[in-house]
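J.: give the three-dimensional model of this entry:
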Amino acid sequence: MRTNVTAKIKIIATPEIIRTFKVYGKGLQFCINYAWKLKIKNNIQLHPFVYKRLRKTLPSQLAIACIKQACGIVKKAKTKPFINRVSMRYNFPRSASFKDNVLSLSTIKGRVKIPFSIPSCYQRYFTWGQPKESLLRIDKKNRCFFLFTFSKEVNAIKRNIRSQNFVLGVDLGVKRLAVLSDGEHIHGRNIRGVKRRYDFLRRKLQAKGTHSAIRLLKKVRGREKRFVAWANHNVSKRIVEGFTGGVIRLEDLEGIKKQRGRRHNKMLGCWSYYQLQSFISYKAAIRG
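T.: Numbering: from 1, shown residues only. Model prediction:
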């Protein structure tokens, strides 16, 4: 089983990177427009139509990445896509490389070298070897982040549950996020309180219906999504790191989201049990 993890590292936004990022964004939208017009979803078929135009402003590897990314976006789109947030793709070692905490990136002005520091929570991933295709993002505050994507083959050990000395059962819920078979209860009172506040604010903004309310509604949804992911990360980390050996068995929740009334459906719709289960699974696989 192959596990992928992403390390989000803040780097210095040099003028060369900012300029390359803007040019890449324009090139990406150009490729999307062309692919949508000709109904092309394959990057090899799109390549002859747009590559020469892209090479006037972008290095070869970034031009190729731009074509691939555009086709990936068009494949998923039901209406013509317009890019608001650009993610610039880099390939190791062709358009990016790093050594001794110095990142080398391809730009429209050649290679630039940027020193960066690795947070302690990510250091073990940098021992996994060469990163896969990674992303560079610049937010609205002009903060620049490089997302290293690492991949590792994790041996999926098939254990006979009956032969294990200890099996930790994990029962997921709404009021109690997780109940472990060893007697530990992980409560979600604070999380439910935060989600209730977001729900109240969301209903208030939806009722208002103005353009500014809709813009704020998108921000609120993003904040809530990030908060839930942060909470699930901490809960899954607590479960996996607090378990010393044996097997972790998760509750089978397939088919739980059935039509059972408005209140019940709303409660289940806000329950991110699948994300929590996937976090527990990949953390347990990495730990072995």
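
J.: which residues touch V86?
T.: 21, 24-25, 28, 137-138 (CB atoms under 8 Å, 6 or more residues apart in numbering). The C-beta positions use only the backbone N, C-alpha and C, and glycine is treated the same way.

J.: tell me the gap between stretch 104-113 and the middle of its chain.
T.: Centre-to-centre, stretch 104-113 and its host chain are 25 Å apart (CA atoms, centre = their mean, to the nearest Å).

J.: now do the end-to-end distance for that stretch.
T.: End-to-end distance for stretch 104-113, by CA to CA, to the nearest Å: 4 Å.

J.: name the SS class of Y122, please.
T.: Of the three states, Y122 takes helix according to DSSP: H, G, I helix; E, B strand; the rest coil.

J.: spatially nearest residue to it, not counting backbone neighbours?
T.: A7 (4.0 Å; CB to CB, 6 or more residues apart in numbering).

J.: same question for Q206.
T.: In space, Q206 is closest to L217, 6.8 Å off (CB to CB, 6+ apart).

J.: three-state assignment of that neighbour?
T.: helix.

J.: now for it: which residues touch it?
T.: Applying CB under 8 Å, 6+ apart, the residues contacting L217 are 202, 205-206.

J.: show me what contacts T149?
T.: Under the criterion of CB under 8 Å, 6+ apart, the contact list for T149 reads 4-6, 131-135.

J.: now do the strands in this protein.
T.: For the chain, the strands defined by DSSP state E cover 2-11, 88-90, 96-99, 102-107, 110-115, 134-138, 144-153, 167-172, 176-180, 185-187, 247-250.

J.: isn't E16 right up against I114?
T.: No - counting by CB atoms under 8 Å, E16 stays clear of I114, with 9.8 Å between them.

J.: now stretch 112-126: buried residues?
T.: 112, 114, 125 (16 or more other CB atoms under 10 Å).

J.: what are the contacting residues of it?
T.: 5, 7, 9-12, 14, 16-17, 98, 101-105, 146, 148, 150.

J.: and the residue nearest to Q206, how far from D171?
T.: 34 Å (CB to CB, to the nearest Å).

J.: try A63
T.: 51 Å.

J.: higher neighbour count, the two?
T.: Shown here are A63 and D171; by other CB atoms under 10 Å, A63 has more neighbours (21 against 14).

J.: ok, now which ones touch that one?
T.: 27, 51, 54-55.

J.: swap in 6 Å and give it another go.
T.: 54-55 (CB atoms under 6 Å, 6 or more residues apart in numbering).

J.: can you check L205 too?
T.: Neighbours of L205 in contact, by CB under 6 Å, 6+ apart: 213, 216-217.

J.: with pLDDT and distance to R192 as added columns, please give the residues you listed in a markdown table.
T.: Putting the contacts of L205 into a markdown table (pLDDT from 0 to 100; distance: CB to CB, whole Å) gives the following:
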| residue | pLDDT | distance to R192 |
| --- | --- | --- |
| A213 | 89 | 25 |
| L216 | 90 | 23 |
| L217 | 89 | 21 |
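
J.: hang on, the earlier thing: from the strands of the chain, which stretch is densest packed?
T.: With neighbours taken as mean count of other CB atoms under 10 Å, these reach their highest mean count in strand 88-90, at a mean of 23.

J.: and that strand, what does it pack onto?
T.: Helices and strands touching strand 88-90, as assessed by 3 or more CB pairs under 6 Å, 6 or more residues apart in numbering; DSSP states H and E, are absent.
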